[in-house]
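Chemist: need coordinates for the following:
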Amino acid sequence: MAKKIIITIDGTSSTGKSTLAKRIAKKLGYLYIDSGAMYRALTYYAISNNIISKGFINKEVLINDLSKLEIDFRKGSLSECLEIHLDGLSVENKIRSLKVSDLVSQLAAIDEVRTHMVKIQHSLGQNKGVVMDGRDIGTVVFPKAELKFFLEASAETRAKRRFDELKIIDKEISYEEVFKNINLRDFQDINRSNSPLKKASDAVLINTENLSLVELENEISNHISLVLSNSL
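Modeler: Residues are numbered from 1 along each chain as shown. Prediction:
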């Protein structure tokens, strides 16, 4: 039986982490975990319960609610893909809004929230055979992962990608709004005191600016093949 490993894919928002991680996981037959979706699901919950809004967050209530919430990944009703579920209900289609994006970094900076999420993420990867993407997966969640990647691209390119995704569901959204959000999230993620976004010293750095999805997948797959062959 082939040895299973943990693969981490970190980077700033809209660098293609989730898309690539899904494809790589499917190719390997590994479990794909979108760590960002976990924070988004919690942010959606906080918004729905008036715990968070722009410039405000009731940390005491949020922290108290953490242990009561069930955040996990289950197969969707209409596909074989794993979807983020909150208390048994899929929220996959409710967590990608700009409103959630505007507030998720604020929530993710809370120490108790990150500690709680990391504990869940550790449990998901205990048997290996996992591809997990996020912002601190290779540095904090799985610092001893066998293979780590860090993706980057310019803010302009990332904002254009995100805008193209969002305008399908929100015709009123503007590129300027998305660009501002991208830069705000970068600043918050890089400068938070707990688990800031940074490249792990042993991560493979890949600039996704001018590479197609197929080219990116091939580059990552080549690194994986090398690691797996050396582990035999």
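Chemist: sheet-wise, list the partners of the helix or strand of the chain with the lowest mean pLDDT with their directions.
Modeler: The helix or strand of the chain with the lowest confidence, counting by mean pLDDT, DSSP states H and E, is strand 71-75 at a mean of 88. Using DSSP bridges, the strands paired with strand 71-75 are strand 82-86 (antiparallel).
Chemist: tell me the helix or strand right after the strand it pairs with.
Modeler: strand 89-90 (DSSP states H and E).
Chemist: pLDDT on that following strand, on average?
Modeler: Mean per-residue pLDDT for strand 89-90: 92.
Chemist: give me the contact list for stretch 193-209.
Modeler: 8, 10, 12, 15-16, 109-111, 114, 118, 135-136, 138-140, 143, 147-154, 157, 186, 189-190, 216, 219-220, 223 (C-beta atoms under 8 Å, 6 or more residues apart in numbering). (Each C-beta comes from the backbone N, C-alpha and C, glycine too.)
Chemist: give me the buried subset of these.
Modeler: Using 16 or more other C-beta atoms under 10 Å as the burial test, the contacts of stretch 193-209 include 8, 10, 12, 15-16, 109-110, 114, 118, 135-136, 138-140, 147-153, 157, 186, 189, 216, 219-220 as buried.
Chemist: can you tell me which of those are in helices?
Modeler: Those of these mapping onto helices are 114, 118, 157, 186, 189, 216, 219-220, per DSSP state H.
Chemist: closest to L66 among those?
Modeler: Closest to L66 out of these is R114 (10.9 Å), distances taken as C-beta to C-beta.
Chemist: surely that closest one meets A108?
Modeler: Yes - using C-beta atoms under 8 Å, R114 is in contact with A108, at 6.7 Å.
Chemist: how far off centre is stretch 95-106?
Modeler: Stretch 95-106 sits 12 Å away from the centroid of its parent chain (C-alpha atoms, centre = their mean, to the nearest Å).
Chemist: for it, buried residues please.
Modeler: Buried-residue list, stretch 95-106, by 16+ other C-beta under 10 Å: 95-98, 100-106.
Chemist: please apply the same query to stretch 158-174.
Modeler: Applying 16+ other C-beta under 10 Å to stretch 158-174 flags 158-163, 166, 173 as buried.
Chemist: cool, and stretch 43-54?
Modeler: Residues of stretch 43-54 classed as buried by neighbour count (16+ other C-beta under 10 Å): 43-47, 51-52.
Chemist: next, the distance between the ends of that stretch.
Modeler: One end of stretch 43-54 to the other measures 12 Å (C-alpha to C-alpha, to the nearest Å).
Chemist: what does stretch 22-38 give?
Modeler: 16 Å.
Chemist: contacts for it next, please.
Modeler: So stretch 22-38 is contacted by 4, 7, 9, 17-18, 21, 71, 73, 81-82, 84, 92, 95, 104, 117, 120-121, 124-125, 129-135, 137, 141, 213, 217, 220-221, 224 (C-beta under 8 Å, 6+ apart).
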